[in-house]
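Engineer: Need a 3D model of the following:
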Amino acid sequence: AAESHPQAMAQLTQLAISRISRREEIDPPLLQVLDIKGLQQSNAMGPPGRYRITLSDGTHYLQGMLATGNNEHIISGRLKKHSLVRLTDYALNALDADGGSTKNILIIMNMEVAGEWGEVIGSPVDYDSPNAPAAAEAARRQAPNAPYGGNNAGGGGGGGGGGGY
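Structural biologist: Residues are numbered from 1 along each chain as shown. This is a model prediction of the structure:
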């Protein structure tokens, strides 16, 4: 739980999932990997061609897909459950889900493995669940002076957006 590891929670970019889902530009966020699943092609043998990854900022989690250029992180063993990662290039895709709702999928084009933590940081909930916006607002009210930029508070600029995908 976040209460027992405040230093771990402080490392993650606070409310990054919420801000990414609202398409806000933020400095490359530091997130935690909650799960990795290989997606096998229907007739393929050998290692999976694509990986689905669940990422958390300690408050929310969101499903993502790794671009195949990142598979080496998994194959080498550097990227695994509970790893900390910094997303350096990503795009958000909104897909229509059952019941007329929208499901956000983060496409991760480039990332850096920044370290490991032995367990889940915080108590993240699915950002696409109906209660997630209320949880984000509660977290924001709890830390009114916390910079939204996470670890780089006061840092300038940030990279230009990746356009044209």
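
Engineer: Could you use CA atoms for every contact and neighbour count after this?
Structural biologist: OK.

Engineer: where does the protein have low pLDDT?
Structural biologist: 1-6, 41-48, 130-165 (pLDDT under 70).

Engineer: 50 instead?
Structural biologist: Scanning the chain for pLDDT under 50 picks out 1-4, 143-165.

Engineer: in it, which spans are helices?
Structural biologist: Taking DSSP state H, the helices of the chain run over residues 6-11, 16-21, 71-75, 132-142.

Engineer: Packing partners of the second one?
Structural biologist: Taking 3 or more CA pairs under 8 Å, 6 or more residues apart in numbering; DSSP states H and E as contact, the helices and strands that helix 16-21 lies on are strand 60-66.

Engineer: Partner strands of the strand it packs on, with direction?
Structural biologist: strand 50-56 (antiparallel), strand 102-116 (parallel), strand 125-126 (parallel) (DSSP bridges).

Engineer: is the residue lying closest to residue 113 once chain neighbours are set aside in a bridge, and if so with what?
Structural biologist: Excluding the flanking residues, the one nearest residue 113 by CA to CA, 6 or more residues apart in numbering is residue 85, at 4.5 Å. Note on residue 85: beta-bridge partners by DSSP bridges are residue 31, residue 113.

Engineer: Can you get me a residue count around residue 85?
Structural biologist: Using other CA atoms under 10 Å, residue 85 has 21 neighbouring residues.

Engineer: Repeat that for residue 113.
Structural biologist: There are 17 residues near residue 113, going by other CA under 10 Å.

Engineer: now swap in residue 66 and tell me
Structural biologist: By other CA under 10 Å, neighbour count at residue 66 equals 20.

Engineer: Would you confirm that it contacts residue 51?
Structural biologist: Yes: in this structure residue 66 lies within contact range of residue 51 using CA atoms under 8 Å: 5.6 Å.
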